[in-house]
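Engineer: After the sequence you'll find the predicted model.
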Amino acid sequence: MNTSVILSYAFMYFVLFVAVPFVFVMFVMTCIKFFKAGPDEAEHHEMKLKPVLFDKQSFNFFKSLKTVVEGKYDVCCNVPLDTVFEMDQHDADLNHECRLDYVLIDHDSSEVKMVISDFGKENNSPMKKLFSKFNINFIEMNQHKQWDTQSLKQALAV
């Protein structure tokens with residue numbers, strides 16, 4: 001047999017048994033990689049609607065606050081700090097998780113008039129300084145101190 005015939009057979013068997021299976025395996029692995037479910041899609045997260053949005057004490061305070069403002073102000077709950085203040089992107093990223101419990105906005109001018117921190121969750125002294133710098137009333141609520149409607153009206157008058 002001629003060497004060229006042997007080399008032809010060797011090349012044919014190489015392509016048939018090595019190159020074609022290699023290309024086929026690479027194609028299958030690529031398909032698996034691209035069509036595999038992501039880590040978020042693989043797990044099924046159970047979501048349920050909360051039965052109540054506020055606890056009883058916060059809801060009563062919210063109702064009394066709505067009564068006190070009497071349509072003159074709008075009450076917004078759980079407002080991110082970076083929506084109240086204009087700040088650069090770095091500060092916005094740092095303060096986006098900081099939420100203001102109750103924000104009173106003037107109904108006509110959309111100006112922030114007062115911020116109320118519900119039940120003093122954390123140390124609010126930096127917040128007090130920030131809001132006093134912009135002449136915005138900042139009231140810190142305390143869980144053990146009950147606010148009556150008169151004190152809220154007086155705070156709004158100031």
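Structural biologist: Received it, and whenever you're ready, just let me know what you need.
Engineer: Could you identify the longest helix within this structure?
Structural biologist: helix 20-35 (DSSP state H).
Engineer: what's that helix packed up against?
Structural biologist: Applying 3 or more C-beta pairs under 8 Å, 6 or more residues apart in numbering; DSSP states H and E, we find helix 20-35 packed against no helix or strand. From N, CA and C alone the C-beta is placed, and that goes for glycine too.
Engineer: Please pull out the lowest mean pLDDT helix or strand from the protein.
Structural biologist: helix 39-42 (a mean of 58; mean pLDDT, DSSP states H and E).
Engineer: average pLDDT for the helix or strand that comes right after it?
Structural biologist: Next along the chain after helix 39-42, taking DSSP states H and E as the criterion, comes helix 56-69. For helix 56-69, mean pLDDT rounds to 80.
Engineer: And for stretch 13-22?
Structural biologist: Stretch 13-22 comes out at a mean pLDDT of 90.
Engineer: isn't residue 116 right up against residue 139?
Structural biologist: Yes. At 4.8 Å, residue 116 counts as touching residue 139 under the criterion of C-beta atoms under 8 Å.
Engineer: Assign the most centrally placed residue in the chain to helix, strand or coil.
Structural biologist: Taking C-alpha atoms, centre = their mean, the centroid of the chain lies closest to residue 97, which sits 7.1 Å from it. Three-state assignment for residue 97 (DSSP: H, G, I helix; E, B strand; the rest coil): coil.
Engineer: who touches it in this structure?
Structural biologist: By C-beta atoms under 8 Å, 6 or more residues apart in numbering, the residues touching residue 97 are residue 80.
Engineer: run the last query once more with 10 Å
Structural biologist: If you count contacts by C-beta atoms under 10 Å, 6 or more residues apart in numbering, residue 97 has them with 80-82.
Engineer: What about residue 103, how many residues nearby?
Structural biologist: Residues within reach of residue 103, counting by other C-beta atoms under 10 Å, total 22.
Engineer: Show me what it is bridged to.
Structural biologist: residue 76, residue 115 (DSSP bridges).
Engineer: Can you tell me how far it is from residue 78?
Structural biologist: Per C-beta to C-beta, to the nearest Å, residue 103 is found 9 Å from residue 78.
Engineer: Please apply the same query to residue 64.
Structural biologist: For residue 64, the distance to residue 78 - C-beta to C-beta - is 18 Å.
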